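Undergrad: Sharing a model that was predicted from the sequence below.
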Amino acid sequence: MSNTPPPGDRIAKVLARAGVASRREAERMIEAGRVSVNGKAIKSPALNVTGKDRITVDGKPVSEPEPSRLWLYHKPTGLVTTTKDEKGRATIFDELPEGMPRVMSVGRLDLNSEGLLLLTNDGGIKRKLELPSTGWLRKYRVRVNGRPKDEDFAPLRKGLVIEGERFQPMTVSLDRQQGANAWLTIGLREGKNREIRRAMEDIGFTVNRLLRVSYGPFQLGDLKPGEVEEVRRRVMRDQLGLDGDEKPEGTAKRATRPQRKRPPIGKKPRK
């Protein structure tokens, strides 16, 4: 019995690379009988396919994977981060500029939150950036109602347990008081549902504005609400640590050398 793995890649990985869905979502589509290979519906993702196989989803052919791409998007308030909303609310995908290819969001921002959202056409990148092990710091500008003192945020810095769910320690700085509200900068390395709002409510404050300003090395910068900016491919590969086989042929790893300090990605230099 041969231990040589079959040629090709797992079907869910191929679907993710083609921008159909994330790998996990693709597996659910397969189990629902929506995916066919060479004219036959498959029920298990435990299948390798090659470029010679004909793959369809809901009867439509799956195109060859395009090169991996990544965009910075300034999500406005009032939009949900989902492809379809059961309540009929507008989604970010309804409002993206014309000419954008099919993309997926990296994580979510809730209806009333705004700021930086990463978009990609590659389900593998989406999954990579959403994994807790990636651990990229996400920074937010947060406005709360009230007159908090710095010591009020000690529970957030230690880590909270709310309704049995553990929240990892956050970095919190009290920036300024503005009338009846205070502005904070908060950093966290998780992406749990309404994490900052729930944590603030737990210590007695209500968030009335929440703006994500960075996600790892990627910055919101001067992007206006609704605007999209594509990340240069070389920058994307370098920051995401993509495998060498995803780099252009003939690209050799250069020796490390001193480089000029550059502004963070997505942030324009000050004049």
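TA: Good, I have the coordinates. A quick note: this is a predicted structure, and the numbers were derived from the prediction, not measured.

Undergrad: C-alpha from now on. contacts and neighbour counts both.
TA: Will do.

Undergrad: beta partners of the most centrally placed residue in the chain?
TA: When the chain is reduced to its mean C-alpha position, the nearest residue by CA atoms, centre = their mean turns out to be residue 106, at 1.6 Å. In this structure, residue 106 has beta-bridge partners residue 118, where bridges are defined by DSSP bridges.

Undergrad: And for residue 211?
TA: Using DSSP bridges, the bridge partners assigned to residue 211 are residue 114, residue 141.

Undergrad: same thing with residue 61?
TA: residue 56.

Undergrad: thinking it is in contact with residue 55, fair?
TA: Yes - counting by CA atoms under 8 Å, residue 61 sits close enough to residue 55 to count as a contact (5.9 Å).

Undergrad: Looking at the two, which has the bigger crowd around it?
TA: It is residue 55, of residue 61 and residue 55, that has more neighbours when counted by other CA atoms under 10 Å, with 24 against 13.

Undergrad: How about the more buried one: what's its closest non-neighbour residue?
TA: The shortest distance from residue 55 to any residue other than its chain neighbours is 4.7 Å, reached at residue 37 (CA to CA, 6 or more residues apart in numbering).

Undergrad: The one you found: how many residues sit nearby?
TA: By the criterion of other CA under 10 Å, residue 37 has 16 neighbours.

Undergrad: Quick check, residue 110 in contact with residue 195.
TA: No - counting by CA under 8 Å, no contact exists between residue 110 and residue 195, whose distance comes to 10.4 Å.

Undergrad: So what's the gap between stretch 107-126 and the chain middle?
TA: The offset between the C-alpha centroid of stretch 107-126 and the centroid of the whole chain comes to 4 Å, using CA atoms, centre = their mean, to the nearest Å.

Undergrad: I'd guess residue 235 is in a helix, am I close?
TA: Yes - inclusion of residue 235 in a helix is indicated when DSSP: H, G, I helix; E, B strand; the rest coil is applied.

Undergrad: And the pLDDT at it?
TA: As summarised for this prediction, residue 235 has a pLDDT of 91.

Undergrad: helices or strands next to the host helix or strand of residue 182 in the packing?
TA: Under the assignment given by DSSP states H and E, the secondary-structure element containing residue 182 is strand 181-188. In terms of contacts (3 or more CA pairs under 8 Å, 6 or more residues apart in numbering; DSSP states H and E), strand 181-188 is packed against strand 138-145, strand 171-178.

Undergrad: hey, which of these is tucked in deepest?
TA: Compared across the helices and strands packed on strand 181-188, strand 138-145 shows the largest average neighbour count, a mean of 21 (mean count of other CA atoms under 10 Å).

Undergrad: Does that one pack against any helices or strands, and if so which?
TA: The contact analysis (3+ CA pairs under 8 Å, 6+ apart) places strand 138-145 against strand 181-188, strand 206-215.

Undergrad: How many residues are close by residue 114?
TA: Other residues near residue 114 come to 22 when the count uses other CA under 10 Å.

Undergrad: Please name the residues that touch it.
TA: If a contact means CA atoms under 8 Å, 6 or more residues apart in numbering, then residue 114 has 74, 75, 76, 77, 210, 211, 212 as its contacts.

Undergrad: Most neighbours among those residues, which one?
TA: The member of the contacts of residue 114 surrounded by the most neighbours (other CA under 10 Å) is residue 75, with 30 neighbours in all.

Undergrad: partners of it in the sheet?
TA: residue 115.

Undergrad: ok, now which ones touch it?
TA: The neighbours of residue 75, taking CA under 8 Å, 6+ apart as the test, are 92, 109, 114, 115, 116, 117, 225, 226.

Undergrad: same check, this time on residue 42
TA: Residue 42 is in contact with 30, 31, 33, 35, 36, counting by CA under 8 Å, 6+ apart.

Undergrad: got a pLDDT number for the second one?
TA: In this case it means residue 31. 93.

Undergrad: my read: it touches residue 44, true?
TA: Yes - using CA under 8 Å, residue 31 makes contact with residue 44 at a distance of 6.0 Å.

Undergrad: quick revisit: out of the helices and strands packed on strand 181-188, nearest to residue 12?
TA: Proximity of the helices and strands packed on strand 181-188 to residue 12 was assessed by CA to CA; the nearest stretch is strand 138-145, lying at 28.5 Å.
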